[in-house]
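Participant: what would the 3D arrangement of this be:
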Amino acid sequence: MRPARGSEVPASRGGKKVSMRLYEIAGAACRALTARKDGPSLYDICDPLLSGAPGGDPHLSKFYRTALGNPPLRALLGRAGLPELREETRLQSLRVALRRARDDASPDWEAIGTPVAALVDTIALAHPAPAPAVSGAAPGMAEIEHMIRTCAAHLLRAFRKNGFIPTYAAFNLIGDPDLRGREMLMALTGLNSRGYKNSTLLFNLARVFIARSPARALINPPWRGIAEPMWEPMQIRHRSAYYDAFFTEALLAFVETGLASAADAAACRRAVDEMVAFCLTTSREEVRALDGTSFAVITALAPLPHPRFSRFFAQIKQDLGFGIYVPDCDTTACSFSAATQAGSTDPILEQPLLDFYAGYQVRAGANEPRVTVPINDNIDFEGGVATWIDNLASERPFGNDLDPTLNLDILEVTFRNLTRWKVLETPQRLSTVHRIISFQRRLAESGAFANPRSHIYYLPELYCAYFGRCYAAFLALPPAARQAIDPDGAFEAIRTCVLAYVEGQLIVAEMNPFDAALALIALGHLGADVATFTPALNTITAHLGEGGRRGPYRAYEWNKMKTPTRILVGGPEVTSAFVLLALALARRAMKATGWG
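Facilitator: Purely as a prediction, here's the structure:
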């Protein structure tokens, strides 16, 4: 859970406002602890069934005791009651559902989830709606270069200290605004792991009591901008090939600026070499394509001890239902891309990934049921590639979903390996690319890309930044290749839509530095007028130092999971990496136009 948060001004710049923030935290906690109880609480319902009760699925009870029955949360939610549960029939239907989830050998998850879904639909959550922003003059080139060096120094310092660059996960128990009762039932019926279903069921029951009590102000306070800040004391440090791939890109971008000293450039090269090895060797996993062909792919969480969890959090991961973790198409694409950019000659890169991805590509009316958790079914999945890859034991604990941003990453790595994989010479591979591009064009021209519900793991603003990254790889191809890949001008059509969103919605509203970095990445890659960089540059400059001892900037939501609850992933190092990438792009564009 997270404490109440007032102004986002850092402690070093606003002691009075920090005092106000602490006052608000204390006030919110006091209101939660002294609220009038208005009906049965979460613990009145669950304790008789799950707190030490014998029999049934032991994971459900263990998860309840660990995640929801712990003393701090019990104190906070002990007086949070729901008046409609005074009605005996509703209370009993809920208890019967929990008993069946605990005791049935093959539970009917649709029936079990129905009374919980009805309660979830009584809460009101909304995505952030930032206020209009006021922007001044852009910072000078010297200040931009200082921030680039500061962020790079932070990444290199983190690598020296840890032997890797860490990233963190944090929970917001209020849940995700896009996960309503209907979507919760989709998850319960579409996931494959019983442990994951258990945690999804109980987290969603708990979020109702949180959202409808004074505890809401403590656990889900407002924040500045769009990307959610992460509460430091409860962040779970870990390492993943997916993260290493983007840290690799950031360090390569720093070297390319020419701002690195000889010693820093050498340190960047050592870190990049180690991270590429972690991606391609440590995180490598053998799987089979749908036609039985063997492929080496990349898993986001390598076997222990490589993710570098603490022993405590490694056990919590197990209790949450993440005991089995399988590879995914996005981590594979990003790892291959980073390795390609770093000049790796590892034989794994010779595999034409498009042949593998084709088996996970949705064809309407044919293999559409491959997407078993379609919580973003407001978009047309045709042509998109699903997320999760079956391991050799045919396990897929999270079922499968389909995320638009992942499909941008597949296009980007394909463009970087176009010749190596003989894409233009192989009709089936080119067809796979055409269908992904058609999927993206429909998403953009419908406006759905700007709707948070359309995305599983990312924000619309991150989709825009990653489209910029993909567009840059596309533009680097020879004209004949671009024509063969995109004969109908889809990329320009998508570019128009994305720029309209970034320029017309994102940068005209209040941003935090992570929002600003994503906006700047999109603007820089998509060839926007450098005058449009000013709001993002000002935000990044104004917030420098907000991270205190942990780094130049705070941790913000980079990606997330919507099930089993809202789990955010980011970190101070992640913010530094994205700010570095953004400022390097802005600097290059500004110098090209003679600015500064």
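
Participant: so, low pLDDT: which residues of the stretch 301-450 of the chain?
Facilitator: Applying pLDDT under 70 to the stretch 301-450 of the chain flags the ranges 308-324, 365-368.

Participant: what about the helices in it?
Facilitator: Secondary structure of the stretch 301-450 of the chain (DSSP state H, counting those that start in this stretch): helices at 311-319, 329-341, 353-357, 404-416, 427-445.

Participant: per-residue confidence at Gly6?
Facilitator: Gly6 is assigned a predicted lDDT (pLDDT) of 34.

Participant: returning to what we had before: now the helices of the stretch 301-450 of the chain as TSV including distance to Thr387?
Facilitator: (Each C-beta comes from the backbone N, C-alpha and C, glycine too.) What follows is the helices of the stretch 301-450 of the chain, written out as TSV (distance: least, CB to CB, whole Å):
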stretch	distance to Thr387
helix 311-319	19
helix 329-341	6
helix 353-357	11
helix 404-416	6
helix 427-445	14
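
Participant: tell me which of these lies nearest to Ala516.
Facilitator: Taking CB to CB, helix 404-416 is the member of the helices of the stretch 301-450 of the chain nearest to Ala516, at 18.8 Å.

Participant: output the contacting helices and strands for the closest one.
Facilitator: In terms of contacts (3 or more CB pairs under 8 Å, 6 or more residues apart in numbering; DSSP states H and E), helix 404-416 is packed against helix 329-341, helix 353-357, helix 427-445, helix 460-475.

Participant: wait, which of the helices of the stretch 301-450 of the chain is closest to Leu580?
Facilitator: helix 329-341 (14.9 Å).

Participant: between that closest one and helix 404-416, how many degrees?
Facilitator: Helix 329-341 runs at 30 degrees relative to helix 404-416, counting by axes from the mean of the first three to the mean of the last three CA atoms, to 10 degrees.

Participant: Val276: which of the helices and strands packed on helix 404-416 is closest?
Facilitator: Set against Val276 and scored by CB to CB, the helices and strands packed on helix 404-416 come closest in helix 329-341, at 4.9 Å.

Participant: got the angle between that closest one and helix 460-475?
Facilitator: Using the same axes, to 10 degrees: helix 329-341 against helix 460-475 is 40 degrees.

Participant: CA atoms of stretch 491-507 as CSV?
Facilitator: C-alpha atoms of stretch 491-507 as CSV (Å, rounded to 0.1, in the frame of the first residue of the first chain):
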residue,chain,number,x,y,z
PHE,A,491,3.4,4.7,-40.5
GLU,A,492,2.7,8.3,-41.6
ALA,A,493,-0.9,7.9,-40.7
ILE,A,494,0.0,6.6,-37.2
ARG,A,495,2.6,9.3,-36.8
THR,A,496,-0.1,12.0,-37.4
CYS,A,497,-2.3,10.5,-34.7
VAL,A,498,0.4,10.1,-32.2
LEU,A,499,1.8,13.6,-32.6
ALA,A,500,-1.7,15.0,-32.3
TYR,A,501,-2.1,13.3,-29.0
VAL,A,502,1.3,14.3,-27.6
GLU,A,503,1.1,17.9,-28.8
GLY,A,504,-2.6,18.4,-28.1
GLN,A,505,-3.1,16.5,-24.9
LEU,A,506,0.0,15.4,-23.1
ILE,A,507,2.3,18.4,-23.1
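
Participant: pull the residues that contact it.
Facilitator: 133, 226, 437, 440-441, 444-445, 447, 449-450, 460-461, 464, 467-468, 471, 474, 515-516, 518-519, 522-523, 526, 528, 532, 535-536 (CB atoms under 8 Å, 6 or more residues apart in numbering).

Participant: before we move on, what about stretch 39-51?
Facilitator: Applying CB under 8 Å, 6+ apart, the set of residues contacting stretch 39-51 is 60-61, 64-65, 68-69, 74, 77-86, 91, 94-95, 98-99, 102, 202, 205-206, 209.

Participant: what's the distance between that stretch and the middle of its chain?
Facilitator: 32 Å (CA atoms, centre = their mean, to the nearest Å).

Participant: now Arg288. Its backbone dihedrals?
Facilitator: Per-residue torsions, Arg288: phi -120, psi 140 (degrees, to the nearest 10).

Participant: how about the contacts made by the residue nearest to it when sequence neighbours are not counted?
Facilitator: Spatial nearest neighbour of Arg288, chain neighbours left out: Ser294 (5.9 Å); criterion: CB to CB, 6 or more residues apart in numbering. By CB under 8 Å, 6+ apart, the contact list for Ser294 reads 286-288.

Participant: kindly report the same for Thr426.
Facilitator: Pro352.

Participant: still on that earlier bit, buried subset of the contacts of stretch 39-51, written for ChimeraX?
Facilitator: In ChimeraX syntax, the buried subset of those is picked out as below (16 or more other CB atoms under 10 Å):
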select :60,61,64,65,68,69,77,78,79,80,81,82,85,91,94,95,98,99,102,202,205,206,209
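
Participant: the contacts of stretch 39-51 in helices, which ones?
Facilitator: 60-61, 74, 77, 91, 94-95, 98-99, 102, 202, 205-206, 209 (DSSP state H).

Participant: contacting residues around the helix or strand where Pro535 lies?
Facilitator: Taking DSSP states H and E as the criterion, Pro535 maps to helix 534-542. For helix 534-542, the surrounding residues in contact (CB under 8 Å, 6+ apart) are 133, 135-139, 143-144, 147, 507-508, 511-513, 515-517, 519-520, 523, 579, 582-583, 586.

Participant: next one: stretch 236-246
Facilitator: 164-170, 275-276, 278-279, 282-283, 298-302, 306-310, 313, 316, 330-331, 334-335, 337-338, 574, 577.

Participant: please redo it, this time with the cut-off set to 7 Å
Facilitator: Identification of contacts with stretch 236-246 by CB atoms under 7 Å, 6 or more residues apart in numbering yields 164, 166-169, 275, 278-279, 283, 298, 300-301, 306-309, 313, 330-331, 334-335, 337-338, 577.

Participant: can you check stretch 472-480 too?
Facilitator: Contacts made with stretch 472-480 from outside it, assessed by CB under 7 Å, 6+ apart, are listed as 412, 415-416, 418, 482, 491, 525.

Participant: biggest separation within those residues, which pair?
Facilitator: Applying CB to CB across the contacts of stretch 472-480, the maximum distance is between Leu418 and His525, 18.4 Å.

Participant: pick the one among the contacts of stretch 472-480 closest to Arg269.
Facilitator: Nearest to Arg269, judged by CB to CB, of those is Arg416 at 19.5 Å.

Participant: which strands and helices sit next to the next helix or strand after the helix holding Pro535?
Facilitator: As assigned by DSSP H and E, the chain's next helix or strand after helix 534-542 is strand 559-561. Other helices and strands packing on strand 559-561, by 3 or more CB pairs under 7 Å, 6 or more residues apart in numbering; DSSP states H and E, are strand 566-570.

Participant: restricting to C-alpha, output the strand it packs on in CSV.
Facilitator: What follows is strand 566-570, C-alpha atoms only, in CSV (Å, rounded to 0.1, in the frame of the first residue of the first chain):
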residue,chain,number,x,y,z
ARG,A,566,-2.4,-3.0,-9.7
ILE,A,567,1.4,-3.7,-9.6
LEU,A,568,3.7,-0.9,-10.8
VAL,A,569,7.2,-1.4,-12.1
GLY,A,570,9.7,1.4,-12.3
